[in-house]
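*Asks:* Pasted the sequence and its predicted model underneath.
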Amino acid sequence: MGSRSAAIAARFDARASDYERHAGLQRAVAERLAGLLPDLQQPRVLEVGCGTGLFSRHLLARYEEGTFLFSDLAPAMVAECRRNLGDPSSGVSYETALPDGPRTYATFDLIALSMSLHWFPDPHATLASLRRRIAPGGKIVYATLGPESFVEWRAVLAKQGLRSGLVALPELPGIVAEERLTPDTSTLGFLRRMKSVGGITPREAYRPLSAGALRRAMRAADARFGGKITWHIVYGVLDA
């Protein structure tokens, strides 16, 4: 596991117990993504980045006769998912693993990712790897951050000549829907939201801003954009 992957896992582990209390945006995205689930009979389902089970609940409700593997990079998230779902059936298993290494099946009829794809170093490579695990007639469904996410914060940092720890977010294949959400009324609220769900894990080799520089950037974002920082969410469907 790379150093950034280890840092991501550690941050999500630290937030696992109270993650859902702060995850209203992620919950809403999971509900919308559930509307893209295909009709499948007794599918073998892998969820990559199950977190605490926000989307796992939709999968269990949709595919009552399915067999499921819920997987996440963070062990505490997997444990919390298991606790939240209880023991719904003997067809449910859990794993702490990277997306290209589930042990339970060689292929799946459905692979789902709800707000997890952007955490992987190369989302294109991740999708390509997962696509090789799809059985004929199967699909990948995903929701993730799009390339226009946090454009206001990026613009303020650039204008002030400050370092940005935000990773680049690429265009992705199979996009069928998108939305732009501004759930916070201040830049501080945006940063607190990111922290509360384990979401502040900067790119490799990033050196954090000083407290003074961060406060100046926050004031500038509030003044220029009214504290409205955009989350660009994209929804995708890919065939085998």
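*Replies:* It's in. Numbering: from 1, shown residues only.

*Asks:* Just say helix, strand or coil for the nearest residue to L145 once chain neighbours are set aside.
*Replies:* Spatial nearest neighbour of L145, chain neighbours left out: H118 (4.3 Å); criterion: Cβ to Cβ, 6 or more residues apart in numbering. To be clear about C-beta, it is placed using only N, CA and C from the backbone, and glycine gets the same treatment. Classification of H118 by DSSP: H, G, I helix; E, B strand; the rest coil places it in helix.

*Asks:* Same check on P208?
*Replies:* Using three-state DSSP, the structure places P208 in coil.

*Asks:* Residues in contact with the longest helix along the chain: which ones?
*Replies:* Looking across the chain with DSSP state H, the single longest helix is helix 211-225. By Cβ atoms under 8 Å, 6 or more residues apart in numbering, the residues outside helix 211-225 that reach it are 152-153, 155-157, 159-160, 162, 186-188, 191, 209, 227, 229.

*Asks:* Give me the number of neighbouring residues for the residue nearest to L145.
*Replies:* 21 (other Cβ atoms under 10 Å).

*Asks:* Could you list the low-pLDDT ranges of the chain?
*Replies:* 1-20, 88-89, 98-105, 197-205 (pLDDT under 70).

*Asks:* hey, where'd the strands end up in the protein?
*Replies:* In the chain, the segments counted as strands under DSSP state E are 44-48, 67-72, 92-96, 108-114, 134-145, 175-181, 231-239.

*Asks:* among the ones you listed, which is nearest L169?
*Replies:* strand 134-145 (5.3 Å; Cβ to Cβ).

*Asks:* mind listing what's buried in that closest one?
*Replies:* 134, 138-145 (16 or more other Cβ atoms under 10 Å).

*Asks:* Quick check: the two most widely separated of those residues?
*Replies:* Across the buried residues of strand 134-145, the longest distance by Cβ to Cβ is 24.5 Å; it joins G138 and L145.

*Asks:* coming back round to it: can you lay out the buried residues of strand 134-145 as TSV showing distance to A76?
*Replies:* Below are the buried residues of strand 134-145 laid out as TSV (distance: Cβ to Cβ, whole Å):
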residue	distance to A76
I134	29
G138	30
K139	29
I140	26
V141	25
Y142	23
A143	22
T144	22
L145	22
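
*Asks:* Domain-wise, how is the protein divided?
*Replies:* Using automatic domain parsing, the domain parsing of the chain gives 3-146+233-239, 151-167+182-230.

*Asks:* Between the ones you listed, which one is closest to P173.
*Replies:* Judged by Cβ to Cβ, the one of the domains of the chain that comes nearest to P173 is domain 3-146+233-239, at 6.5 Å.

*Asks:* ok now the closest one, how far from the chain's centre?
*Replies:* Put simply, domain 3-146+233-239 sits 9 Å off its chain's centre (Cα atoms, centre = their mean, to the nearest Å).
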